[in-house]
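[1] build me a model:
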Amino acid sequence: MNQGDGQCPTLLRHRDGLIRAYKYRFYPSNGQEILLDQNLRLCSSLYNAALEQRRYAHKAGRPINYRIQQDQLPELKRGMPEYAKVHSQVLQDVLRRIDRAFTSFYERVRRRRRGESAKPGYPRFKPEWNTTRLLTHRRRVTT
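    Reported below is the predicted structural model:
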């Protein structure tokens, strides 16, 4: 592999073994940078809205999960056209992150109740200015 081609191979551990991932460094044009910034802000807004929806549902005594929130995405895209410009897998990944955060939170609560030293740490809202980890695009390449 060429050093100057922008690829940085990374091996990630997964339950089933190793997965090869590539991290790319890219230099977006001004238009692309504006589009990425809009997508990141929308992802941050969706994350916070999904977190607020889960908090409200929990207080009301009717818990909500990933599948319920995912099923609401088409309605969200119809009601708010700016979300229609964001790829559906990106929005689903934001909801998966919320689901993972709550799953981990409840697991830490269970461990704490069993006497293990685990600090639960409730999932937090994401500030609009710190959105570097919210945008993920997954694409499988088969050989």
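[2] going forward, measure contacts between C-alpha atoms and count neighbours the same way
    Will do.
[3] next SSE downstream of the helix or strand containing residue 39?
    Per DSSP states H and E, residue 39 falls inside helix 30-59. Next in sequence after helix 30-59, counting helices and strands by DSSP H and E, comes helix 66-71.
[4] which strands and helices sit next to that next one?
    With contacts taken as 3 or more CA pairs under 8 Å, 6 or more residues apart in numbering; DSSP states H and E, helix 66-71 sits against helix 88-113.
[5] what mean pLDDT does the helix it packs on get?
    Helix 88-113 comes out with an average pLDDT of 90.
[6] picking that back up, got the buried residues for the helix holding residue 39?
    Residues 38-48, 50-51, 54 are the ones in helix 30-59 that count as buried (16 or more other CA atoms under 10 Å).
[7] okay, which residue is most central for the chain?
    residue 94 (2.9 Å; CA atoms, centre = their mean).
[8] tell me if I'm right that that one and residue 46 touch.
    Yes. Judged on CA atoms under 8 Å, residue 94 makes contact with residue 46 at a distance of 7.4 Å.
[9] mind listing what the spatially closest residue to residue 122 that is not a sequence neighbour touches?
    Leaving aside its chain neighbours, residue 122 sits nearest to residue 105 (6.1 Å; criterion: CA to CA, 6 or more residues apart in numbering). Applying CA atoms under 8 Å, 6 or more residues apart in numbering, we find residue 105 in contact with 120, 121, 122, 123.
[10] just residue 49 next, same as before
    With CA under 8 Å, 6+ apart, residue 49 has no contacts at all.
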